[in-house]
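Enquirer: Would you be able to build a 3D model of this:
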Amino acid sequence: MNIYVLMKRTFDTEEKIVIKNGSIYDGEAEFIINPYDEYAIEEAIRVRDAKGGEVTVVTVGGEDAEKELRTALAMGCDKAALINIEDDVEICDQYTTAKILSEYLKDKAADLILAGNVAIDGASGQVGPRVAEALGIPYVTTITKLEIDGVNVRIERDVEGDTEVVETTLPLLVTAQQGLNEPRYPSLPGIMKAKKKPLARMDLDDLDLEEDDAEAKTKTIEVYVPPKKAAGKVLQGDLAQQVKELVSLLHTEAKVV
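Expert: The predicted structure is shown next:
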């Protein structure tokens, strides 16, 4: 099988978000593979081990993303591709990322494409479905189980606290949700092998794309941290006194009665 994983480099989940001049400052932040993408990587490796073929992990970003790609290779992916847009694209949004990835994938004859359900920074969940739409293939989001028999696929996915079963066929794009699997840690032999595995580098010119082709369709005006909530109040006295005080507060402070 020809399997691709769409990976994003995101803030470490332990990082404290710092806002400077209306935007997120990441100058000293630690970065990791987006945690939901780890489920996608793990599932891709498991499918390859069961069905044969190879796994290629691909990301859109800058040279700094090589570290996360090497981690994916150490986990067990066979190849990696870095589409470097640092010198070409000033502002990148979900449209930009999906446009570039779909252009990269259009002639790859992918049987299965996996991505994380959302990225923990933007949490839009748009890139995977946008790529599938551009490629003209079906997609299923938030999957928690994947079974492949030939070209037939049976999927379980989260739906508002319940499970939905979907049957479809390859080629297919899916987005991975927590519960799909337990991602492995890179082993020492895997880390050593990752250094010799192929990592292709390209830019927009290699994809026959112009900067205008991938121009962002959205603009972030400002990013800010929400104000801290005021401390709550604990009412004192017996029940009748608490009810009396509550009504008074709702009238004088909350002004809702």
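
Enquirer: can we go C-alpha only for contacts and neighbour counts from here?
Expert: OK.

Enquirer: middle-most residue in this structure, spatially?
Expert: Ala119 (3.3 Å; Cα atoms, centre = their mean).

Enquirer: hey, where'd the strands end up in this structure?
Expert: Counting by DSSP state E, the segments of the chain that form strands are 2-6, 9-11, 18-20, 23-25, 31-33, 54-61, 79-84, 112-116, 139-149, 152-159, 162-169, 172-176, 199-202.

Enquirer: Please identify which of those strands is closest to Tyr95.
Expert: strand 54-61 (12.1 Å; Cα to Cα).

Enquirer: got the contact list for that closest one?
Expert: Contact partners of strand 54-61, identified using Cα atoms under 8 Å, 6 or more residues apart in numbering, comprise 1-9, 41, 44-45, 48, 65, 69, 72-73, 77-86, 97, 100-101.

Enquirer: Spatially nearest residue to Met75 (excluding sequence neighbours)?
Expert: Leaving aside its chain neighbours, Met75 sits nearest to Pro186 (4.5 Å; criterion: Cα to Cα, 6 or more residues apart in numbering).

Enquirer: Let me know whether that neighbour touches Thr71 as I believe.
Expert: Yes. Between Pro186 and Thr71 there is a contact under Cα atoms under 8 Å: 6.9 Å.

Enquirer: Please tell me I have it right and the residue nearest to the centre of the chain contacts Asn34.
Expert: Yes. Ala119 is in contact with Asn34 according to Cα under 8 Å; the separation is 6.0 Å.

Enquirer: intersection of neighbour lists for those two?
Expert: Lys8, Thr10.

Enquirer: State the distance from Ala40 to Asp149.
Expert: The spacing between Ala40 and Asp149, counted by Cα to Cα, to the nearest Å, is 19 Å.

Enquirer: Those two: who's more crowded?
Expert: When Ala40 and Asp149 are compared for neighbours, Ala40 comes out ahead with 30 against 10, by other Cα atoms under 10 Å.

Enquirer: list the contacts for the more buried one?
Expert: Taking Cα under 8 Å, 6+ apart, we find Ala40 in contact with Val5, Leu114, Ala115, Gly116, Thr175, Ala176.

Enquirer: For the helix ranked longest in the chain, buried residues please.
Expert: Determined from DSSP state H, the single longest helix within the chain is helix 35-51. Using 16 or more other Cα atoms under 10 Å as the test for burial, helix 35-51 gives 35-45, 47-48.
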